[in-house]
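In: Structure for the following, please:
(chains A and B)
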Amino acid sequence: MPGYILLEIRRTFRDASFVVFGIGMPVLMYLLFTNIGSGDGDSAEWKTASMVGMAAYGALGASLGTGMGVAADKTAGWLRQLRVTPLAPSRVVTGRAVSGSATVLPAIAAVLAAGAFVNGVRLDAWQWAALTVLLWAGALPFTLLGLGNGYRLGPQAMGVVNTACLMGLAVIGGLWFPLSAFPGWLASIAAYTPAHRFADLGWAVSHGSAPGLGTVSVLGAWLLAFGSYAVVSYRRSARTV
Amino acid sequence: MTQTAPSAVRFHGVVKTFGTVRALDRIDLDIRRGETVALLGRNGAGKSTTIGLLLGLDEPDAGEVRLFGQAPERAVRAGLAGAMLQEGQPIPRVTVRELVAFVGSTYPRPMPAAEALALAGLTEFADRRVDRLSGGQAQRVRFAVAIAGAPALLVLDEPTAALDVEARRAFWDAMRAYAARGNTVLFSTHYMEEADDNADRIVVVDQGRVVADGPGERIKRAAGGSLVSFDLAGGPSAGLAALPGVVAVEVRGDRARLRTDDPDATVVELARLGAVRGLEVAPASLEDAFLSLTSTVTPTSTATSVRESETV
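Out: The predicted structure follows:
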């Protein structure tokens, strides 16, 4: 399985569109959002919050993007070819989840680096480390959501669904704009969306505290939901793949 | 020892339906270790379904499939099979060597990647990306992937479909080299000639059934060895099917074409009847033999229907 994980990681990083849009976009958006028209006093606070939000957004994009690769592989017959190798199907799915998770890391690191070196965000060393690890681990539900979509859908439908998932989850989760800018009813729904709780892992750390139990359990529930979705989708596709 | 060793492939009464279509209708097949077998049939005859069941990609509705005495999925997990499937497109963003080495690494006793590349004729393209190769080169990559794990059974589903003449020859050379190492090879094709040239044994499938099974020579004989044709010149076509050696009769316009397994006897009898205008004797082409084997009507009913159409 390590061979498979390595192969898929390599393939992802050779994808120019992944590198440009998956890593470059969140960084660009972060720098734009925090340096254009923000002359007010709490800009240091905003620069940190937005850094976490955009790192989460980058992680979200990269993890959902794993599904795009799966959908393309399904069409190319690669999943079918893997099924006639000794590699067990469960290992193929697990391997893809791990390789997907690994490709999430650079997107997070790039936004955090932009925060530290361009926007001068100051955090303790443990905060940087915890931020990276939590955002990385917290992206797993979205990798599974992406895999579920990828096993279920063709590449074209996948492009639309993925973009919808990414935009929808990012906006309603408050990754681009804070929930305080939302109307009250929307804000209370948004608080239970996976992307919001995902970013909350990071916001808690950036405020110097551990993530709340509520956040961890809501995220855990989403992990379970998306995990089941991925398994069901894979089983369904296995019949036709 | 060889007596007790299980067959490489065994199908027993295998049935597979898709919706209302009976793709496989009680298939029986036994392939010994080391054999090179061609699965010959037209599109939709059941070749790919057979291969899918063989590799555990699908389950039969009835009957049993065994690979080296095990359930196909287990045999595949154990690294006993390698396959070149239909409709495989090049996998993007990976080099030839990376891909072949990776697939090999999933098997318990792979051959060195360099050896697989050499066998497939890919050594000079080893560091190219798979999605930047020509169609023929990509086909070789799929072959290299199939043999990378040095599987005891190599399965090739219409392997030469996209190849030109020269590439075909190179491909079959590579296949035979792999078979010569004592491996079992099963390939599907809809070209009788390919099957005859490259397999020890041909299994002809049609409408989900095995309609003929044996060495190429025997298949050709079974299909009627020669074709005797002559002008009817207004003479009757009735009774031609009863001539010595004749197994099938076909009338096109004024010309009768008799498929016969004893052309000498047929011609002598025609001469006696004086039906020799424009007489020609030709060995049945392989494609003819194939068509005759897989035609939906039996030889006698062909003759009957011809006579009927004459009288109408």
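
In: Is whichever strand or helix holds residue B:139 positioned near chain A?
Out: Secondary structure from DSSP states H and E places residue B:139 in helix B:135-147. Yes. Using Cβ under 8 Å from any Cβ of the partner chain, helix B:135-147 reaches chain A at residue B:145. Yep, even glycine has a C-beta here, placed from its N, CA and C like the rest.

In: immediately after that helix, which helix or strand?
Out: Note on helix B:135-147: by DSSP H and E, the next helix or strand toward the C-terminus is strand B:153-157.

In: chain center to the helix or strand following that next one: distance?
Out: Later in the chain than strand B:153-157, the nearest helix or strand by DSSP H and E is helix B:165-179. Averaging C-alpha positions (Cα atoms, centre = their mean, to the nearest Å) puts helix B:165-179 16 Å from its chain's average.

In: Likewise for stretch A:157-176?
Out: 11 Å.

In: what about that stretch and chain B, touching?
Out: No. Using Cβ under 8 Å from any Cβ, we find that stretch A:157-176 stays clear of chain B, coming within 15.0 Å at best.

In: list the buried ones in the strand or helix carrying residue B:193?
Out: Per DSSP H and E, residue B:193 falls inside helix B:192-198. Residues of helix B:192-198 classed as buried by neighbour count (16 or more other Cβ atoms under 10 Å in any protein chain shown): B:192, B:194, B:195, B:196, B:198.

In: quick check, nearest of those to chain A?
Out: If you rank the buried residues of helix B:192-198 by distance to chain A using Cβ to the nearest Cβ, residue B:198 comes first, at 21.5 Å.

In: what pLDDT does that closest one get?
Out: Looking at residue B:198, its pLDDT stands at 94.

In: Does it touch residue B:178 like I think?
Out: No. Using Cβ atoms under 8 Å, residue B:198 is not in contact with residue B:178; the gap is 11.6 Å.

In: Could you list the residues in contact with the helix holding residue B:139?
Out: With Cβ atoms under 8 Å, 6 or more residues apart in numbering or on different chains as the test, helix B:135-147 has contacts from A:81, B:82-85, B:88-90, B:96, B:99-100, B:103, B:111, B:116-117, B:119-122, B:125, B:130, B:133, B:154-156, B:159-160, B:162-164, B:167, B:171, B:174-175, B:178.

In: Please apply the same query to stretch B:263-275.
Out: With Cβ under 8 Å, 6+ apart, stretch B:263-275 has contacts from B:225-226, B:228, B:230, B:232-233, B:235, B:243-246, B:258, B:260, B:276, B:279, B:281.

In: can you give me phi and psi for residue B:59?
Out: phi -110, psi 140 (degrees, to the nearest 10).

In: got the CA positions of stretch A:149-165 in PDB?
Out: The C-alpha trace of stretch A:149-165 is given here as PDB (Å, rounded to 0.1, in the frame of the first residue of the first chain):
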ATOM      1  CA  ASN A 149     -18.500  11.700  -5.000                       C
ATOM      2  CA  GLY A 150     -15.700  10.400  -7.100                       C
ATOM      3  CA  TYR A 151     -16.700   6.800  -6.900                       C
ATOM      4  CA  ARG A 152     -20.300   7.700  -7.600                       C
ATOM      5  CA  LEU A 153     -20.100  10.300 -10.400                       C
ATOM      6  CA  GLY A 154     -18.500  10.700 -13.800                       C
ATOM      7  CA  PRO A 155     -15.800  13.300 -14.300                       C
ATOM      8  CA  GLN A 156     -18.200  16.000 -15.700                       C
ATOM      9  CA  ALA A 157     -20.800  15.700 -13.000                       C
ATOM     10  CA  MET A 158     -18.000  15.600 -10.600                       C
ATOM     11  CA  GLY A 159     -16.600  18.900 -11.700                       C
ATOM     12  CA  VAL A 160     -20.000  20.600 -11.000                       C
ATOM     13  CA  VAL A 161     -20.700  18.800  -7.700                       C
ATOM     14  CA  ASN A 162     -17.200  19.400  -6.400                       C
ATOM     15  CA  THR A 163     -17.400  23.100  -7.100                       C
ATOM     16  CA  ALA A 164     -20.800  23.300  -5.500                       C
ATOM     17  CA  CYS A 165     -19.600  21.400  -2.400                       C
END
